[in-house]
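A.B. asks: Fold the stuff below for me.
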Amino acid sequence: MTNQRLFSHGVFFNFLLFYPFVRFLAYNHYPLFTFEVVIPAFVTVCLLFIIAFFASQKQSRLALMYTFLIFWLILSLKSIFGFGVVALLALGSLILYFFLRAVYEHLHSIIFLLIVGILVGDILILVQKHGDSSLAVHRSTPVDHSGSGSVLYFILDEHIGLDGMPQKMAGTAEMRQKLADFYLNYGFTLFPKAYSNYYATEDSLPNTLNGTYSVVHQEFYDKRKGKRFLSENKLFTTFKEKGYDIHVYAPDHIDFCNDFVSKCYRYNKNSPYAIFGTDFPWYEKSWILTSLYLQTNSLIRDLNKYTGNFAWMPKRTGAIQVIPDLFGELNEDLKKDNGRTLYFMHILMPHSPYVYDDKCRVKPFNQWMNRVEFTGGVPKNTPEGHAERLRSYYAQIDCLNTFLAKTLEGLKREGLFDDVTLIVHGDHGSRIVLNYESYREYADKISDEDLIASHAALMAIKNKGQRTGKINNAMGSLTQIVNGFLEGKEILDDAHPVLYLVLKSGKDDVMVPRDMVRF
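C.D. replies: Predicted structure coming up:
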């Protein structure tokens, strides 16, 4: 084999391995020419050229390497394959291996055409999606209103309610008191016994915003406009009809930005770019980037479900940087408040991973924790892991309240606090469970404690002009409390608390009712 052919095989090896990684970094706007990218990339490139040299000595080795790299490329470019599809692809790779051996004389040309096809296909996709971004800000011209009081609506993802906290766990009493003091001192009405009828955000939020109790999983989405484009939103429609501007600040998990939204600020719920400005050494950044990239691979992600949430292999960046930026954007907008705007924020805190300590310092990545130790089969925690996760979760709540306090104090400085209405709630519980998640499969097995941890949600409301904090001990769902408040109704105890459970397997879109335990 000529030196030119040897060199080209080395180039092809590197393209097939690195192309999805470079694509991953570019999509997330991560600079390519940084130490954490260039140094490990250089070492890997050299290693692949050495491998290409030895593989080229034998026909079967070369075919095997190309088969593996093509298999890896497919799994990396398309990250939503189920295990069955991965198995079929593996079988197809076996066939591909024998095919590549059979056409060995033309192998160089075949791989070259494959690479050209990949590049052309990606260019066509980029042209089709021109203008779309994982982080985007859209603005329309605001309407000038006579001031009558804006509304700030905060969704604090995975924030448990006060009475839903595990009372016997260390730190709970202190955190419960901190939260009560925080909201009562700002004049909120607290609902310690609020709960979500649903376990997942994609069902909880649409039903809360629409004032409904749907038994159809993900009913309110128009998937023709995106994976989770919320096509029905009674809350937004009501405020728009009243002449309000609507500003949305939310992750890319659910698309709330319909045509009449005045401003749409989107952020990536898992952004590698978030670590760019951190103080991690370059080699730690390099490992975090590699780990996040590997999690986009279908095979790696599925295998990792059954090997535990290893602290040395982070899966998400969580709230790092995106939440400070989010609050910064909101605080700047509030300085220009027109007195008649709905500010709607979906905040991925205190949602796992728990990356901030109680002083809002980013923790070392090997201390980041997800809400459960094992994600495959039946997600669960050991008693020790459960307690450790709660400590990290409470610390992240402390950090979140620091951001919230800055916004609330800013409203006071701007003279807006008394004139605004504030609605703050979780979308479900902490979901830090010991044994079972709240799915249909486990409806008869889940303990009261795990059920409460999964569904008890923070709820706090400050009406315009309200200055005195108070507690309403009525047990009610998010849908009942939010819509009751907006309609001016008294919030009374729910006579029959109920949950709607979906199959974890996703094989059935119909949810079944289950009584919610009183707490």
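A.B. asks: CA only for contacts and neighbour counts going forward, please
C.D. replies: OK.
A.B. asks: What residues of the host helix or strand of Cys399 count as buried?
C.D. replies: Taking DSSP states H and E as the criterion, Cys399 maps to helix 383-413. By 16 or more other CA atoms under 10 Å, the buried positions in helix 383-413 come out as 385-387, 389-401, 403, 407-408, 410-411.
A.B. asks: Tell me which other helices or strands that helix touches.
C.D. replies: With contacts defined as 3 or more CA pairs under 8 Å, 6 or more residues apart in numbering; DSSP states H and E, the packing partners of helix 383-413 are helix 322-334.
A.B. asks: who touches Tyr442 in this structure?
C.D. replies: Residues near Tyr442 by CA atoms under 8 Å, 6 or more residues apart in numbering: Tyr436.
A.B. asks: With Glu414 instead?
C.D. replies: Counting by CA under 8 Å, 6+ apart, Glu414 touches Lys335.
A.B. asks: I'd like the distance between it and Ala495.
C.D. replies: With distances taken as CA to CA, to the nearest Å, Glu414 is found 42 Å from Ala495.
A.B. asks: Need the residues that contact the helix or strand Tyr97 falls within.
C.D. replies: In this assignment (DSSP H and E), Tyr97 forms part of helix 83-102. Helix 83-102 is contacted from outside by Gln59, Ser60, Ala63, Leu64, Thr67, Phe68, Phe71, Leu75, Leu107, Ser298, Leu299, Asp302, using CA under 8 Å, 6+ apart.
A.B. asks: count of residues packed around the last one?
C.D. replies: Going back to what we said before, that points to Asp302. Look at Asp302: counted by other CA atoms under 10 Å, it has 17 neighbours.
A.B. asks: Please, which helix or strand holds it?
C.D. replies: Using DSSP H and E, Asp302 falls within helix 298-305.
A.B. asks: in the protein, which spans are helices?
C.D. replies: Secondary structure of the chain (DSSP state H): helices at 3-27, 35-55, 59-77, 83-102, 107-128, 172-185, 201-210, 234-241, 282-294, 298-305, 322-334, 383-413, 448-455, 478-486.
A.B. asks: Compare those helices and give me the one nearest Pro353.
C.D. replies: Closest of these to Pro353 is helix 383-413, at 8.7 Å (criterion: CA to CA).
A.B. asks: any idea how far that closest one is from the chain center?
C.D. replies: Here helix 383-413 is found 18 Å from its chain centre; the criterion is CA atoms, centre = their mean, to the nearest Å.
A.B. asks: Same check on stretch 359-377?
C.D. replies: Distance, centroid of stretch 359-377 to centroid of chain: 14 Å (CA atoms, centre = their mean).
A.B. asks: I'd like the average pLDDT over it.
C.D. replies: In this model, stretch 359-377 has a mean pLDDT of 85.
A.B. asks: Can you mark which positions in it are buried?
C.D. replies: Cys360, Val362, Phe365, Gln367, Trp368, Met369, Asn370, Arg371, Val372, Glu373, Phe374, Thr375.
A.B. asks: Is it correct that the fifth one is in contact with Tyr354?
C.D. replies: Yes - distance between Trp368 and Tyr354: 5.5 Å, which falls inside the contact criterion (CA atoms under 8 Å).
A.B. asks: Next one: Lys263, what pLDDT does it get?
C.D. replies: Listed pLDDT for Lys263 reads 96.
A.B. asks: Same question for Phe236.
C.D. replies: 97.
A.B. asks: What sits closest to it if chain neighbours are left out?
C.D. replies: Residue nearest to Phe236 in three dimensions, not counting chain neighbours: Ile246, with 7.3 Å by CA to CA, 6 or more residues apart in numbering.
A.B. asks: residue contacts, that neighbour?
C.D. replies: Taking CA under 8 Å, 6+ apart, we find Ile246 in contact with Phe236, Phe239, Lys240, Phe260, Val261, Ser262, Lys263, Thr341, Leu342, Tyr343, Phe344.
A.B. asks: which non-adjacent residue is nearest Ile288?
C.D. replies: That would be Pro314: by CA to CA, 6+ apart, it lies 6.4 Å from Ile288.
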